[in-house]
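1. heads up, no residue letters with this:
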């Protein structure tokens, strides 16, 4: 189960990191479902200290809840994405950097809440830019956290034994994710079947759906 959850984290992290903005405009419930799954699994890890059954169950529960909320709370999708995206960034960075256990485990939770609050504000002013950066960093943190689960003895992915390198790896992956998304915005615009006013605007557009 631990190996499987690690693989799920890597795959979902890579998807969010590479296609966060495109998923919002093209497959909104899928994006919220992925974010919800990762948040739920990270909450489970925060509660139990491992990616076990509780993390998987909470992952699917959060995925369903956020997927439904993306429809039920249609007028507030941008704020919902800002909050959930910020929480994901906080949890995933805490897990990837190995600081989620600080202060008896409360530091990672506090960081997630703070990032969620910041995200709810920033997303209103720099929507497309926020989605790209938040999804890139959130996905990168999840990839490193998942890689540590799959390869627990590899120092590069270990949040404590690896020293500064896991942090450097998260930054490198996040930069790659940001670059990839910014590079492909023009291509994605041509693929999206929606009105021009509702399409993403590179690089600081405030389009919504």
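-> The structure has been received and is ready for your questions. No experiment lies behind these values; they were computed from the predicted model shown. Numbering: from 1, shown residues only.

2. which stretches in this protein count as helices?
-> 2-26, 28-48, 53-72, 77-97, 106-122, 127-150, 165-191 (DSSP state H).

3. can you give me the buried ones in the fourth one?
-> Translated: helix 77-97. 77-78, 80-97 (16 or more other Cβ atoms under 10 Å). Bear in mind the C-beta positions are built from the backbone N, C-alpha and C, glycine included.

4. turn the helices of the chain into a markdown table, columns for distance to residue 157 and mean pLDDT.
-> Conversion of the helices of the chain to a markdown table gives the following (distance: least, Cβ to Cβ, whole Å; pLDDT from 0 to 100):
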| stretch | distance to residue 157 | mean pLDDT |
| --- | --- | --- |
| helix 2-26 | 10 | 86 |
| helix 28-48 | 15 | 84 |
| helix 53-72 | 18 | 87 |
| helix 77-97 | 9 | 84 |
| helix 106-122 | 18 | 87 |
| helix 127-150 | 4 | 86 |
| helix 165-191 | 6 | 87 |
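
5. and for residue 6, nearest residue in space, chain neighbours not counted?
-> residue 149 (3.0 Å; Cβ to Cβ, 6 or more residues apart in numbering).

6. correct me if wrong: that neighbour contacts residue 13.
-> No - applying Cβ atoms under 8 Å, one finds residue 149 not in contact with residue 13, separated by 11.5 Å.

7. let me see the contact set for the spatially closest residue to residue 95 that is not a sequence neighbour.
-> Leaving aside its chain neighbours, residue 95 sits nearest to residue 145 (4.2 Å; criterion: Cβ to Cβ, 6+ apart). For residue 145, the contact set (Cβ atoms under 8 Å, 6 or more residues apart in numbering) comprises 9, 13, 42, 92, 95, 96.

8. any idea how far residue 145 lies from residue 68?
-> According to Cβ to Cβ, to the nearest Å, residue 145 stands 26 Å off from residue 68.

9. contacts only, for the spatially most central residue of the chain.
-> In the chain, the centroid-proximal residue (Cα atoms, centre = their mean) is residue 138; its distance is 3.5 Å. Residues in contact with residue 138 (Cβ under 8 Å, 6+ apart) are 13, 16, 17, 20, 35, 38, 85, 88, 89, 92, 93.

10. could you redo the last one with a cut-off of 7 Å?
-> Going by Cβ atoms under 7 Å, 6 or more residues apart in numbering, residue 138 touches 16, 85, 88, 89, 92.
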